[in-house]
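*Asks:* sequence below, structure please.
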Amino acid sequence: MVSDGLEKLLSRAEKAMRRAYAPYSGFRVGAALWTADGRVFVGCNVENASYGLTNCAERVALQGAVAAGCRRLTAMAIVASGEEAPMPCGACRQVLAEFCGPDFEVLVASSGALGAARSFRLGTLLPHAFKFAEGSPIAAVTPSAGVRKRGRGSNR
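*Replies:* Here you go, the predicted structure:
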């Protein structure tokens with residue numbers, strides 16, 4: 001059973017799904033992302049004739065939240081047209097892992113069957129998310145500031 005708050009999140013995702021631009025596949029997807037401060041950001045898939053340039057609903061919602069300054073995220077609902085509940089693609093799972101921990105909740109449902117939504121934890125969907133190893137030169141870049149950490153007096 002889905003809580004009232006998550007039921008509303010699924011409803012917002014379904015509403016976003018109706019706005020999807022999917023002239024090539026006909027597969028409409030909507031996502032709703034709940035932030036720690038209670039805001040909800042929605043996204044829908046936006047296809048392109050060059051399929052590689054298509055934007056998934058999950059990333060559209062996440063990018064909107066980040067652009068608004070939200071990085072503390074609580075849960076995401078994903079709703080799609082069709083009979084099967086949509087699972088986020090690998091790219092979306094990895095992008096979510098950039099901002100969310102393994103306990104982040106992901107709900108999936110097909111449109112018209114929101115009551116049958118399934119819930120997953122991000123760590124289950126992507127058990128070995130890519131992360132830079134501690135101590136690597138790249139790991140020294142802080143995600144929030146985008147600058148290298150430097151020791152006192154360092155010019156490097």
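*Asks:* how about the strands in this protein?
*Replies:* Ranges of strands in the chain, per DSSP state E, are 29-35, 40-44, 73-80, 105-110, 118-121.
*Asks:* quick check: which of the ones you listed is nearest to R18?
*Replies:* Of all the strands of the chain, strand 29-35 sits nearest to R18, with 7.1 Å by C-beta to C-beta. Every C-beta, even on glycine, is put in place using the N, C-alpha and C of the backbone.
*Asks:* for the closest one, buried residues please.
*Replies:* By neighbour count on 16 or more other C-beta atoms under 10 Å, the buried set for strand 29-35 is V29, G30, A31, A32, L33, W34, T35.
*Asks:* ok, back up a step: switch the strands of the chain over to JSON lines; also include mean pLDDT.
*Replies:* Converted to JSON lines, these look like this (pLDDT from 0 to 100):
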{"stretch": "strand 29-35", "mean pLDDT": "98"}
{"stretch": "strand 40-44", "mean pLDDT": "98"}
{"stretch": "strand 73-80", "mean pLDDT": "97"}
{"stretch": "strand 105-110", "mean pLDDT": "97"}
{"stretch": "strand 118-121", "mean pLDDT": "96"}
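*Asks:* can I get these in TSV including distance to E7?
*Replies:* Formatted as TSV, these follow (distance: least, C-beta to C-beta, whole Å):
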stretch	distance to E7
strand 29-35	11
strand 40-44	13
strand 73-80	9
strand 105-110	9
strand 118-121	12
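*Asks:* relative to K15, how far out is the spatially most central residue of the chain?
*Replies:* The geometric centre of the chain, computed from its C-alpha atoms, lies nearest to E58 (C-alpha atoms, centre = their mean), at 4.1 Å. The gap separating E58 from K15 is 16 Å, by C-beta to C-beta, to the nearest Å.
*Asks:* just to revisit the earlier point, which one of the buried residues of strand 29-35 is nearest N48?
*Replies:* Of all the buried residues of strand 29-35, V29 has the smallest distance to N48: 14.5 Å, by C-beta to C-beta.
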